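In: Predicted structure and sequence below. I'll ask about it afterward.
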Amino acid sequence: MKSLVIAFLMPPGIAVLCSLLALYFIFKGRKKAVAVCVAFSVLLGWAFSTEAMGRLLTTFLISQVEHRQDMKPEDAEIVVVLTGGMRYSGKEIGWMPEVESYQRLMAGLEVHRKMNSRTPILISGGKTAGTHYPSEAAVLKATYDKENARILPFILEEVSTNTYENALQSAHIISSRSLSRVLLVTSEEHMLRSLAAFRGRGIDPLPLRVYTMDRGPLTLRGYLPTFKGVKTNAKALYEIYGMASYLIADHIRMEDIFYKHKQGNI
């Protein structure tokens, strides 16, 4: 059911839904309703397929990210890196992290160079492809191990399969080590929901956003339907839907999204 709802909330699912409604009204003989549905189908299909709309939604998500000001990234006692997917590349290569996963780890490692070498790096990501396959955390660490000789204090969290579980399992590890200065690394459009999920578990992280959105000036192409536009809109809408579903499920509260620093979280 969840997958079905998401499919029709994302482009081009929104346009398809409007088209199905138009077919329904055709059978009912309601011409005005058909015209409205067709118009909405074209309008929504166009809008949510453009980079301009995608940037607008993503910018909204990014602009809401507020955070604690009482620490710097290099002051962190633990670096938490949230994985961003993996893919199977055949028998010869096996499983590899998606580009987003790799970028997040590299960003975390860059900041880690300025820290105490024994500061742990927690990679959070479970067996999203199924229980018979490796976890995203293990695949990401293995990729690092193949390319680097430097030994780092990695901790693998291999249970979680979504952002809420990332926060839940990571919070357990962080609390068991009595740590409070946490650096959270993930993609910029994913950061707001991630912060809210961690705050809902009693952890107040400092965000380290990995840039994914283009920041150059929009050209005429940015207002035309493109595959890139569909992808950008889908990511932003997924995050908005994710926060709404977390609020409904009571995984997070509004104050976890709209940040207000708590003096106890130092």
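Out: Here it is on my side, so go on.
In: Please identify the buried residues of the helix or strand where Gly242 lies?
Out: Secondary structure from DSSP states H and E places Gly242 in helix 227-248. Neighbour-count burial for helix 227-248, counted by 16 or more other CB atoms under 10 Å, picks out 229-230, 232-243, 245-246. Quick note: C-beta positions are derived from backbone N, CA and C, even for glycine.
In: for stretch 122-132, same thing?
Out: For stretch 122-132, by 16+ other CB under 10 Å, it's 122-127, 129.
In: in the stretch 151-266 of the chain, which spans are helices?
Out: Under the criterion DSSP state H, counting those that start in this stretch, the stretch 151-266 of the chain contains helices at 163-176, 188-199, 227-248, 254-257.
In: wait, which of these is closest to His112?
Out: Proximity to His112 (CB to CB) singles out helix 163-176 among the helices of the stretch 151-266 of the chain, at 16.2 Å.
In: which other residues reach the closest one?
Out: 78, 80, 82, 122, 124-126, 155, 157, 159-160, 182, 190, 193-194, 197-198, 200-203, 242, 246, 251 (CB atoms under 8 Å, 6 or more residues apart in numbering).
In: And the furthest pair within the buried residues of helix 227-248?
Out: Gly229 and Tyr246 (26.2 Å).
In: State the distance from the residue nearest the centre of the chain to Ile240.
Out: Geometric centre of the chain, nearest residue: His190, 3.0 Å, by CA atoms, centre = their mean. Distance from His190 to Ile240, counting by CB to CB, to the nearest Å: 12 Å.
In: follow-up on the earlier one: show only the entries of the contacts of helix 163-176 found in strands.
Out: Applying DSSP state E to the contacts of helix 163-176, the entries found in strands are 78, 80, 82, 122, 124, 155, 157, 182.
In: since we're on the last one, how many residues are nearby?
Out: Neighbouring residues of Val182 were enumerated by other CB atoms under 10 Å; the total is 23.
In: Same question for the third one.
Out: The criterion is other CB under 10 Å. On that basis, Leu82 has 30 neighbouring residues.
In: what sits against it?
Out: Applying CB under 8 Å, 6+ apart, the residues near Leu82 are 104, 124-125, 163, 166, 184-186, 190, 194.
In: and it, bridged to which residues?
Out: According to DSSP bridges, the partner residues bridging Leu82 are Ser124.
In: Ok, the one 5 residues further on next?
Out: Here Arg87 shows beta-bridge partners Met96, assigned using DSSP bridges.
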